[in-house]
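Enquirer: everything below, folded, please.
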Amino acid sequence: MTTEAVRLGSMEQKMAVIEHRLSELEDRHETVPTRVTKLEQGFEHMAGQLSELNAGQQTLTVAVNDISSKVGRLLTILTLVGTVMQMVVPTLLRVWFP
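Expert: Here you go, the predicted structure:
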């Protein structure tokens with residue numbers, strides 16, 4: 001083989017490698033929009049779930065606030081009743097049992 005034939009074979013081999021790499025790059029590039037679309041769909045789905053979760057959390061917050069206000073009122077009423085009973089019961093016992 002001559003030097004030129006060896007160089008030509010080497011160049012053909014390098015060209016084949018470059019064509020193969022370019023083909024791989026093109027194949028990967030073609031799938032990018034599909035992958036991006038899948039990611040966008042995933043993010044939209046998660047955004048919808050977060051919106052639903054936020055709405056549920058707001059409903060729960062309203063319910064908890066309502067319950068806490070009722071419990072607060074109940075504790076206030078029980079405290080007042082207990083205070084009144086501490087003053088009235090000893091007086092009534094003195095009247096009934098002199």
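Enquirer: how near is Ala55 to Thr61?
Expert: 11 Å (C-beta to C-beta, to the nearest Å). (C-beta placed from N, C-alpha, C; glycine too.)
Enquirer: cool, and Trp96?
Expert: 51 Å.
Enquirer: between the two, which has more neighbouring residues?
Expert: Using other C-beta atoms under 10 Å as the criterion, Trp96 and Thr61 rank with Thr61 on top: 10 against 7.
Enquirer: which strand or helix spans the more buried one?
Expert: For Thr61, the host element (DSSP states H and E) is helix 3-96.
Enquirer: how far does that helix sit from its chain's centre?
Expert: 1 Å (C-alpha atoms, centre = their mean, to the nearest Å).
Enquirer: per-residue confidence averaged over that helix?
Expert: Helix 3-96 carries an average pLDDT of 89.
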